[in-house]
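K.L.:
following is a predicted model, sequence given first.
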Amino acid sequence: MKKYLKKRKEAFGYAFTGIATLFRNEAHAKIHLAATILVVAAGLLVGLEKWEWCAIILCIGGVLMGEAFNTAIEKVCDKVSPERNHLIKIAKDVAAGAVLLFVLCAVTVGLIIFIPKFFF
């Protein structure tokens with residue numbers, strides 16, 4: 001049991017290191033983090049309801065998770081094929097596109113929640 005718990009602790013350590021690395025080294029992750037801070041501050045300002053917080057938190061988590069996956073895919077692709085490669089380009093473009101799709105959905109959810117709070 002001790003060995004199992006030690007392995008779980010190590011796994012969490014690796015995960016937290018990955019999160020720190022993401023925000024320390026990736027410009028887009030920093031932009032998403034800044035947007036997260038602004039959205040949370042706006043939510044506190046207008047007093048979001050529980051269901052609105054749930055939607056906002058899921059959107060924030062999805063965007064940050066997408067950015068993390070995109071970064072991981074890009075790093076692996078760069079290691080596997082440092083030279084230009086058509087298939088690597090497709091993989092990296094699709095991963096970046098996935099993040100953009102989630103961001104557009106998150107922005108839409110944010111607009112649905114915040115426009116009535118600020119303008120009506």
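P.N.:
On my side now, so go ahead. Numbers count the residues shown, from 1 in each chain.

K.L.:
drop to CA atoms for contacts and neighbour counts, all remaining ones
P.N.:
OK.

K.L.:
now Arg84: which helix or strand?
P.N.:
Arg84 belongs to no helix or strand when assigned by DSSP states H and E.

K.L.:
I figured Lys117 hits Val46, correct?
P.N.:
Yes. At 6.6 Å, Lys117 counts as touching Val46 under the criterion of CA atoms under 8 Å.

K.L.:
who's more crowded, the two?
P.N.:
Neighbours were counted for Lys117 and for Val46 using other CA atoms under 10 Å; Lys117 has more, 15 against 11.

K.L.:
and that one, how far from Ala15?
P.N.:
36 Å (CA to CA, to the nearest Å).

K.L.:
for Pro116, give its distance to Phe12.
P.N.:
40 Å.

K.L.:
equivalent analysis for Ala35, please.
P.N.:
Distance from Ala35 to Phe12, by CA to CA: 26 Å.

K.L.:
which helix in this protein has the most residues?
P.N.:
Determined from DSSP state H, the single longest helix within the chain is helix 86-119.

K.L.:
and that one, what's buried?
P.N.:
By 16 or more other CA atoms under 10 Å, the buried positions in helix 86-119 come out as 88, 92, 95-96, 98-99, 102-103, 106, 110, 113-114.

K.L.:
do the same with stretch 26-35
P.N.:
Under 16+ other CA under 10 Å, the buried positions of stretch 26-35 are 29, 32-33.

K.L.:
would you mind pulling the contact partners of it?
P.N.:
Stretch 26-35 is touched from outside by 22-24, 63-64, 67-68, 71, with contacts defined as CA atoms under 8 Å, 6 or more residues apart in numbering.

K.L.:
quick one: buried ones out of those residues?
P.N.:
Buried members of those, counted by 16+ other CA under 10 Å: 22-23, 63-64, 67-68, 71.
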